[in-house]
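**Q** coordinates only, sequence not included:
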């Protein structure tokens, strides 16, 4: 890596993006200090409010570029397909990509601990249980104290990065400028963590190489495997109304609800009642803002500037791709931090908005459409056509997950592909003739007109 003139850089937030950014900056010769208001994650028991992460090509590239991909893959489980558990006790399988294309299931706690270890090994210095309340946008100086109203001490830096998540303090300061746009939108759907333990011999109770989904319209259950034989399950449901978290108040209501909607989980979730009432109900938010930077002094990265809902599994991958783009700017601009940061935010903003939209739509797809016959037929036709004509048709999921094509381009092409498929699905006897020459020619003709 070409070095830059060494700077003293603060990163607020020791999550996945903050730690990886620290490694990149350290490798470029900078002094890097990471601050986090929480205790050292390596010393606490991490559980109760997590959704397993999935790592795909974009995130892997950022890790590979600093030689950490194998370290991280060693704690991941390859996932090659969706296993859709219908209400009729059958399981439909949908492979994600072509032969060998997989995503990786990772425990958030396990990965975060590993990333802090790797960053420390690289020479990044961590300050845990240090609350950053303020940043001076013109000097990058941060203010730390026990409480917002108490005494603060200041620490001077050349540049400060806010990697402190959806409710970022660094962004909070930037929001007070004029011409700063900001929006947050909560889904009326929350989530709760449940657990499928391992069998007594340590094996998995379900196929470990599948993302398991129980789609039920406006609510769903999903499960991803862990290394220890267990699965982290996530129940997504509206906060209120019928079939909601609010509507389940007693053990009896909960047991009846699962018996009615997820009968095949009875044998695999033995601690259902305890987990449900012990674990918190968490919220899902999409947060957008702009600008992400202030001159050559302060920049936001990851969820601090583009928090998304988790239904495409791209929160971490998008945050890691921010770092890939930042690294491209380092190579392009060297010490010109003002232009470097300006180009970074302008390059990333449309793509962050696109993955936010894709993630929101994927909730609709996973919770209701995966059980819909027309949708399943559409996916079958798309796979058949793309296998025959890989140069003409790359499915949207593959563009997002198994390529580095900008998210905004993937979204636009995906929309056009969907328009084509809606016309194809109207063809006569499409259920019987879906893989016929007529359908193939129709798609080719529509592609010529749409692109």
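**A** Good, I have the coordinates. Here the structure is a predicted model, which means the values were calculated and not measured.
**Q** Show me what residue 143 bridges to in the sheet.
**A** Taking DSSP bridges, one finds residue 134, residue 154 as the beta-bridge partners of residue 143.
**Q** Distance of it relative to residue 253?
**A** Taking C-beta to C-beta, to the nearest Å as the measure, residue 143 and residue 253 are separated by 48 Å. The C-beta positions use only the backbone N, C-alpha and C, and glycine is treated the same way.
**Q** Between those two, which is the more surrounded one?
**A** residue 143 (17 against 11; other C-beta atoms under 10 Å).
**Q** what's the more buried one in contact with, if anything?
**A** If a contact means C-beta atoms under 8 Å, 6 or more residues apart in numbering, then residue 143 has 132-136, 152-155 as its contacts.
**Q** just the buried members of those residues?
**A** Under a neighbour-count criterion of 16 or more other C-beta atoms under 10 Å, the subset of the contacts of residue 143 counted as buried comprises 132-136, 152, 155.
**Q** so which of these comes closest to residue 294?
**A** Out of the buried ones among the contacts of residue 143, the one with the shortest distance to residue 294 is residue 135. That distance is 9.0 Å, counting by C-beta to C-beta.
**Q** Might you report the residue contacts of the closest one?
**A** 12, 141-143, 160, 162, 169-170, 173, 298.
**Q** If I look at it, what pLDDT would I see?
**A** The pLDDT attached to residue 135 in the predicted structure is 97.
**Q** now swap in the one 10 residues further on and tell me
**A** The predicted local confidence for residue 145 comes out at a pLDDT of 96.
**Q** How about it: what's its closest non-neighbour residue?
**A** residue 152 (4.0 Å; C-beta to C-beta, 6 or more residues apart in numbering).
**Q** Contact partners for that neighbour?
**A** 133-134, 143-145.
**Q** among the contacts of residue 135, who's most crowded?
**A** Top of the contacts of residue 135 by neighbour count (other C-beta under 10 Å): residue 162, with 30 neighbours.
**Q** contacting residues around it?
**A** If you count contacts by C-beta under 8 Å, 6+ apart, residue 162 has them with 12-13, 135, 168-171, 174, 298-301, 304-305.
**Q** Report the mean per-residue pLDDT for the helix ranked longest in the chain.
**A** Among all segments of the chain classified by DSSP state H, the helix with the greatest residue count is helix 337-367. Rounded to a whole number, the mean pLDDT of helix 337-367 is 92.
**Q** list the helices and strands the following helix or strand past it packs on?
**A** Heading C-terminal from helix 337-367, the first helix or strand you meet, by DSSP states H and E, is helix 373-388. With contacts defined as 3 or more C-beta pairs under 8 Å, 6 or more residues apart in numbering; DSSP states H and E, the packing partners of helix 373-388 are strand 91-95, helix 407-425, helix 437-450.
**Q** repeat that for 6 Å
**A** Judged by 3 or more C-beta pairs under 6 Å, 6 or more residues apart in numbering; DSSP states H and E, helix 373-388 has no packing partners among the helices and strands.
**Q** begin at 81 from here
**A** All set: I'll call the first residue 81, so the last point we hit is now helix 453-468.
**Q** Any chance of the backbone angles for residue 112?
**A** phi -130, psi 120 (degrees, to the nearest 10).
**Q** repeat for the one 3 residues further on
**A** The phi and psi values for residue 115, taken as degrees, to the nearest 10, are phi -110, psi 140.
**Q** That one contacts residue 92, correct?
**A** Yes. The criterion here is C-beta atoms under 6 Å, and residue 115 meets it with residue 92 at 5.2 Å.
**Q** shared neighbours of the two, which are they?
**A** Jointly contacting residue 115 and residue 92 under the rule C-beta atoms under 6 Å, 6 or more residues apart in numbering are residue 212.
**Q** Count residues in the vicinity of the closest residue to residue 345 other than its chain neighbours, would you?
**A** In space, not counting the residues next to it along the chain, residue 345 is nearest to residue 338; the distance is 6.3 Å by C-beta to C-beta, 6+ apart. Neighbouring residues of residue 338 were enumerated by other C-beta under 10 Å; the total is 21.
**Q** list the helices and strands the strand or helix carrying residue 338 packs on?
**A** Element membership of residue 338 [criterion: DSSP H and E] is helix 331-341. Helix 331-341 sits against no helix or strand, with contacts defined as 3+ C-beta pairs under 6 Å, 6+ apart.
**Q** Okay, angle between the longest helix of the chain and helix 487-505 too, please.
**A** For helix 417-447 against helix 487-505, the angle by axes from the mean of the first three to the mean of the last three C-alpha atoms, to 10 degrees is 30 degrees.
**Q** hang on, the earlier thing: redo the contacts of residue 223 as CSV? Include distance to residue 440.
**A** Compiled in CSV, the contacts of residue 223 are given as follows (distance: C-beta to C-beta, whole Å):
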residue, distance to residue 440
212, 30
213, 32
214, 32
215, 30
216, 35
232, 38
233, 41
234, 40
235, 38
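**Q** hmm, back to that, let's have the buried ones among the contacts of residue 223 in CSV, adding distance to residue 260.
**A** Output for those, formatted as CSV (distance: C-beta to C-beta, whole Å):
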residue, distance to residue 260
212, 19
213, 19
214, 16
215, 14
216, 16
232, 23
235, 24
